[in-house]
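K.L.:
Quick check, what structure comes out for this input:
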Amino acid sequence: MLIHFFTLVVVFSCTQTLVAATTTSPKNTEWHTDETGFSVPWLVSIGPTSQQTGGYSTMAATHKCVGIVLHPMIVLTVAHCVQHAVKTPTLIGVGAMSTTQPNTHAAMADARRRVPVGQILIHPNNNPSAPVYDVAILKTVAPVMPYNVPSARLLSRSIQPNTIQPLYTMGWAGPVSSSSPSDLKAVPLMFQQNCKTYQYLVCTKSQRPGDALCHGDEGAPLIVNINGQPVVTGFAFTPDYIPTVNPPQNKCIGESTFIQMAPIIQWIHSVVGNSLLLA
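P.N.:
Numbers count the residues shown, from 1 in each chain. Down below sits the predicted model:
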């Protein structure tokens, strides 16, 4: 699919090819590369572990939201995806989904596994009336990617829709609330000029009705190209949807909201420390 970059946001919604977290050397690992040419090994799927599901199950069947790896054992996501498990963090796991067909039983098990979370930290200002702080950091019990693979780089300043260059995002999603993740696709978005919302939230609207972030894309990164490198400037708070009657489900309508990094970067740095990559 060809993507034309104008004054819009290009969104990749749904499944991408990523290799499950192992100690494999980067040179022997085919990390997903999108149409922009960027490699994003730091994008992971968050969902229940086998401890909760009663055994191995596919990533696609249990995917809940997207995580951004800030350190091999530290992942950033939206709080509302994981806050129910603060007291039982091992029920939540982090891993990468792969669309490739593993050729061994060991590879199949590894492709399906999620690394359990050992601690869930919720932003101290998080509450329903302040979506800007709907932020959580997960500390896993083991690395979710090799230490010699670069983690995500965050943009520490706020962005203005009328001055920034084109952005894009990636994630796994289903078109309705009851569906499993489907294939990677590109969706062009434009900024909502009449977005009446909180400061540091960025609102977007699809150029094509029905195409947008959807269920399972919460936590997906909003990325800008800086000097040829992907830099995360925010992450998806929630897609907007409308309820339908036949069948009863929530259908995404093409509008999405992103949380900017600027108001939360200090808290993230206090948790991650000097290993946090900033731009």
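
K.L.:
Which helix or strand lies directly C-terminal to the helix-or-strand element of the chain with minimal mean pLDDT?
P.N.:
Here the helix or strand of the chain ranked lowest by mean pLDDT, DSSP states H and E is strand 9-13, holding a mean of 37. Sequence order places strand 43-48 as the next helix or strand after strand 9-13, per DSSP states H and E.

K.L.:
Give me the helices and strands touching that next one, please.
P.N.:
Secondary-structure packing of strand 43-48 (3 or more C-beta pairs under 8 Å, 6 or more residues apart in numbering; DSSP states H and E): helix 59-62, strand 65-71, strand 74-78, strand 92-95. Backbone N, C-alpha and C define where each C-beta goes, glycine included.

K.L.:
That one to strand 65-71, inter-axis angle?
P.N.:
Counting by axes from the mean of the first three to the mean of the last three C-alpha atoms, to 10 degrees, strand 43-48 lies at 120 degrees to strand 65-71.

K.L.:
what mean pLDDT does strand 43-48 have?
P.N.:
What strand 43-48 shows for mean pLDDT is 85.

K.L.:
Tell me which strands it pairs with, and in which orientation.
P.N.:
Its sheet considered, strand 43-48 pairs with strand 65-71 (antiparallel), strand 92-95 (antiparallel) by DSSP bridges.

K.L.:
how about that strand: buried residues?
P.N.:
For strand 43-48, a neighbour-count test (16 or more other C-beta atoms under 10 Å) marks Leu43, Val44, Ser45, Ile46, Gly47, Pro48 as buried.

K.L.:
try stretch 116-131
P.N.:
Residues Pro116, Val117, Ile120, Leu121, Ile122, His123, Asn126, Pro131 are the ones in stretch 116-131 that count as buried (16+ other C-beta under 10 Å).

K.L.:
nearest to Ile74, of those residues?
P.N.:
Set against Ile74, the nearest of the buried residues of stretch 116-131 by C-beta to C-beta is Leu121 (9.5 Å).

K.L.:
other SSEs contacting whichever strand or helix holds that closest one?
P.N.:
Per DSSP H and E: Leu121 is located in strand 115-122. Secondary-structure packing of strand 115-122 (3+ C-beta pairs under 8 Å, 6+ apart): helix 79-82, strand 92-95, strand 135-140.

K.L.:
could you check the angle strand 74-78 makes with that strand?
P.N.:
On the basis of the same axes, to 10 degrees, strand 115-122 is oriented at 60 degrees to strand 74-78.

K.L.:
For strand 115-122, which outside residues touch it?
P.N.:
By C-beta atoms under 8 Å, 6 or more residues apart in numbering, the residues outside strand 115-122 that reach it are 21, 49, 51, 79, 82-83, 85-86, 89-90, 92-95, 135-144, 271.

K.L.:
quick one: low-confidence ranges for the stretch 151-279 of the chain?
P.N.:
160-166, 171-199, 204-213, 239-255 (pLDDT under 70).

K.L.:
all strands of it, in order?
P.N.:
For the stretch 151-279 of the chain, the strands defined by DSSP state E, counting those that start in this stretch cover 153-154, 167-171, 185-191, 201-206, 221-226, 229-244, 249-260, 277-278.

K.L.:
In terms of mean pLDDT, which of the helices and strands packed on strand 43-48 ranks lowest?
P.N.:
Among these, helix 59-62 scores lowest, at a mean of 64.

K.L.:
Run a quick neighbour tally on Arg114.
P.N.:
Neighbours of Arg114 under the rule other C-beta atoms under 10 Å: 29.

K.L.:
tell me the contacts of it?
P.N.:
Neighbour list for Arg114: Ser45, Ile46, Gly47, Pro48, Thr49, Ser50, Met59, Gly93, Val94, Gly95 [criterion: C-beta under 8 Å, 6+ apart].

K.L.:
Let me know how buried the last one is, in neighbour terms.
P.N.:
Residues contacting Gly95 under the criterion other C-beta under 10 Å number 27.

K.L.:
Tell me, what's the model's pLDDT at the closest residue to Ile137 other than its chain neighbours?
P.N.:
In this structure, Ile137 finds its nearest non-sequential neighbour in Leu121, 4.5 Å apart by C-beta to C-beta, 6 or more residues apart in numbering. Each residue has a pLDDT score; the one for Leu121 is 97.
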